[in-house]
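> generate a structure from the sequence data that follows.
(3 chains)
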Amino acid sequence: MDFIANLPPHFFRIPIALTLVISLVFINALIMVYLERKIAGHMQFRLGPMEVGWHGVLQTAIDAVKLMSKQLIVPEKAHTKLFRIAPLLAFTPAVLPFVVMPFAPKLQAVDINIGIIFILAMASLNVMAIFVAGWASNNKYGLLGSMRSVSQNIAYEIPVLFSLLSAVFVVGSFSLGDIVGYQSKIWLFMIQPIAFLIYFVSSVAETNRAPFDLPEAESELTAGFHTEYSGMAFALFFLGEYTEMFVVSSIATAVFLGGWHGFPLPFFEYSSVVWFLLKTYFLMFLMIWFRWTFPRVRFDQLLNFSWKYLIPFSLVNLLITAVVVKL
Amino acid sequence: MDTGRVIKEIEKISVKTDCIHILPGVEYECSVSAENIRDFASVLYKNNYMLLYLTAIHLEPYPAVVYQFVWPETKFRIRAVVFCGENKTVPTISDIYNGANWYEREVMEFFGIDFDGLEDKRTLILDESDKGLYPLLKKEGKALDAEATGFKTN
Amino acid sequence: MTFKNETESENLEKSGQHKFLLNMGPQHPSTHGVLRLVLEMDGEYVTGIDPVIGYGHRMHEKIAEVRPAQSFLPNTARMDYVCALPYNHGYVSLLEQMTGIEVPERAEYIRVITVELNRLASHLLWLGTFLLDLGAFTPILYCFDDREQILDILESVTGSRLTYSFHRVGGVYKDIDDNFIEKSRAFIKRLEKRFSVYDKLVTGNIIFRKRTEGVGIVTSDIARRYGITGPNLRGSGISYDVRKAFPYSIYSKFDFEVPVGKNGDCLDRYYVRINEMKQSLRILSQALDMIPEGDIRAKVPKKLKIPKGQSSFSVEAARGELCYYMVSDGTDVPYRLKARVPSYGNLSALAEICEGMLLADLVAVMGSFDLVIPEIDR
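A predicted model of the protein is given here:
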């Protein structure tokens, strides 16, 4: 028993955290798909899913069962191994950032001192998955989609990094716990409004959501990188996308919107978690709102927007922050 | 920009025929020989006419090609009829009016009329394997001559 | 360009030009209907376009030659199922012109009212699908909401929702009642208010403007060379509308304008169509006010003998000039019928307009052209 007692606490925390996180991811996807369809429906003068369960709440679950029971068809000339690995590549890195996510003062699996760097590293793995998927499908639409995805992600990771860095400069720590702790009086959103805006716009592009959904641009590339995917492999890409949305929204919440801070809710003990989730889901609602309102931007406009506006602005913002902090 | 000048110009290379039914608006119908149709089209193109369509009719002994031009600004239409010769060949006008390419290809596969100088001779609407079917030709002996269908050959 | 098969595609890849072939359609979300485009691509840029048509070919022109002229009427509606009534209208008007049948005035009013309603339905469908091509999902449902109202109104008098055979030689099939007029008036009021919704949702949107401004410019020379008609031509600044140029039916009685664009880009075509909807509403409200009492159908013999000769009749369909050309040998069966469909000329110009464009722009131009493929295939 001494052996077990001598093990570092992370040895127990991380598996438990991962289990919880994966269930959170699935539940989040179920909720998000339902919300997206319902919100889209009401924005478009229709009801959305209504058939399965009360107001269609079970529709997503049924859809998931359907997708699981479907066959994964591998195209004849596809690279079979990479074709099968790609969905996993899309899904796994999307889950890992939750390990360092500060949901509440004590609800954080590991508070490592380079939390933000870890999250960014994991988030940028997503592009690898899309690239592999598009290439392995041996489909021209898939290839075009993955080409777009790579240049888009390179262009938009830089402003994400710069805007987060300006927040880090203010706090003076990479640890997410410290950053949220710093915001008990004033949210970073008020100190760094430009950084927040740049971060949010770029993160919409990072997650390949409309109006920046170029890698899967339906009217141009049919379905882009996942043209050839069916069944659960397709569902994993979907899960990956919704999880990415959750990740970027929770980073925005933790770094700019004060994380778990908020006035204590009456009759509710764990109000900090509720505050965190409320803010995160509000940001995700904004993303859904974007998607069902805007047309899609063109490829060169997308890149120009990043290289000509977002990156210079975030860089200037970073410089000013650095100077002010130094003074 | 006046119609009279255009009519004077095309009268040199065409023969006016009588329309039996007149369209709402003004219409001018003429018959053009196969050699002159390219000049005819060039004159009209220079005078800002637009090619509306081009089609063919199976007549005895040889089919006729019908061109319809319109001048959007002054609302004047010109219909030109070309009676094919024995070799069933008409010079193409697809280099003057690029849109004629599709119409000529369509006539080619439906009627078997050859367009001299047409670069792109693939089938347009029918499958490549249906080449030589000529679906719009009348059955043997059913085709009528120009007089019986109201065309004035002059 | 003659590349339709796989070996040629491989040859192109081996030629070392870093180009490849992309097969767009016949099943593709933005080639509405069964249009196939073989694209020669250099990365994201389209360097060559070869439209392949004929997937929905039914040889309507041959069918017209083997049956009495009046029995061909249902076929006309099957060419363009989005805006079928002008096709009815053109065909029966051609027969009336050739046989000299006088149409009662009330029937002409009913024809114009139904045709304009149908044109509105078609333009609303175009607006939705055009924005869908640009990646905006919501407007199509707004447009369908309005379009359903029109289809309901038309259904109440014609009996069908898409492929009408409502206009008959000598008049129309059924008279309209007060209920129809009331519903149409209510719809005009409703749609007038909706334009501001579309304006807020679409016109002011910066992404929409950036996607359409200066994209796919149709010069008046291209329009002439390819025979582009309809809103696509008027977007280039040429004011040619058959309703004004060769006033057929009773269009000369109405006060309406022909909206024209300036630059001939996608945005101008968008404006032209939006303004055309407003003009259609003007015609509609005038027609509903002016409609006289009387017969709706002249006496027409069952076996309609068409006098010997040739004739053509043009009407303004939603996509441009629709021209029927008929040659008759004096029997009740036409000797030859040619339908000049507007989308045919419009599509043939696509290759020249879109060469060297980004793929996304090609989709935008195709959307702004409002192509209906079964009409091209006939």
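
> shouldn't residue C:57 be within a helix?
No. Going by DSSP: H, G, I helix; E, B strand; the rest coil, the assignment for residue C:57 is coil, not a helix.

> and it, what does it touch?
By C-beta atoms under 8 Å, 6 or more residues apart in numbering or on different chains, the contact set of residue C:57 is B:125, B:126, C:377, C:378. All C-beta atoms are positioned from the backbone trio N, CA, C, and that covers glycine.

> could you do residue C:198 as well?
C:127, C:139, C:142, C:274.

> need the contact partners of whatever helix or strand the third one lives in.
In this structure, residue C:142 is located in helix C:139-158 according to DSSP states H and E. Applying C-beta under 8 Å, 6+ apart, the external contacts of helix C:139-158 come out as A:44-46, C:114, C:117-118, C:120-121, C:124-125, C:127-129, C:131-132, C:161-162, C:164, C:166, C:173-174, C:176, C:179-180, C:183-184, C:187, C:190-191, C:194, C:197-198, C:201-202.

> hmm, 6 Å instead?
The contact list for helix C:139-158 (C-beta atoms under 6 Å, 6 or more residues apart in numbering or on different chains) reads A:44-45, C:117, C:120-121, C:124-125, C:127-128, C:131-132, C:161, C:164, C:166, C:174, C:176, C:180, C:183-184, C:187.

> could you give the mean pLDDT of that helix?
The pLDDT scores in helix C:139-158 average 89.

> kindly export it (C-alpha atoms) in CSV.
C-alpha atoms of helix C:139-158 as CSV (Å, rounded to 0.1, in the frame of the first residue of the first chain):
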residue,chain,number,x,y,z
PRO,C,139,-32.2,34.1,-46.2
ILE,C,140,-33.4,31.1,-48.2
LEU,C,141,-35.9,30.3,-45.5
TYR,C,142,-37.1,33.8,-45.3
CYS,C,143,-37.5,33.8,-49.1
PHE,C,144,-39.3,30.4,-49.1
ASP,C,145,-41.6,31.8,-46.4
ASP,C,146,-42.7,34.5,-48.9
ARG,C,147,-42.6,32.2,-51.9
GLU,C,148,-45.0,29.7,-50.2
GLN,C,149,-47.6,32.5,-50.0
ILE,C,150,-47.4,33.1,-53.8
LEU,C,151,-47.6,29.4,-54.5
ASP,C,152,-50.6,29.1,-52.2
ILE,C,153,-52.3,32.0,-54.1
LEU,C,154,-51.5,30.5,-57.5
GLU,C,155,-52.5,27.0,-56.3
SER,C,156,-56.0,28.3,-55.4
VAL,C,157,-56.6,29.3,-59.0
THR,C,158,-54.4,27.1,-61.2
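
> for that helix, buried residues please.
By 16 or more other C-beta atoms under 10 Å in any protein chain shown, the buried positions in helix C:139-158 come out as C:139-147, C:149-151, C:153-154, C:157-158.

> any idea how far chain C is from residue A:281?
Distance of residue A:281 to chain C, given as C-beta to the nearest C-beta, to the nearest Å: 21 Å.

> chain A: strands as residue ranges?
Under the criterion DSSP state E, chain A contains no strands.

> find the centremost residue of it, please.
By C-alpha atoms, centre = their mean, the mean C-alpha position of chain A lies nearest to residue A:244, the distance being 2.1 Å.

> so for the closest residue to chain B within the stretch 101-250 of chain A, what's the pLDDT?
Relative to chain B, the nearest point of the stretch 101-250 of chain A is residue A:140 (23.2 Å; C-beta to the nearest C-beta). With respect to pLDDT, residue A:140 scores 84.

> now the closest residue to it other than its chain neighbours, which residues is it bridged with?
In space, residue A:140 comes closest to residue C:22 once its chain neighbours are excluded; the distance is 5.3 Å by C-beta to C-beta, 6 or more residues apart in numbering or on different chains. Under DSSP bridges, the beta-bridge partners of residue C:22 are residue C:39.

> look up how far residue C:352 lies from residue C:22.
For residue C:22, the distance to residue C:352 equals 19 Å [C-beta to C-beta, to the nearest Å].
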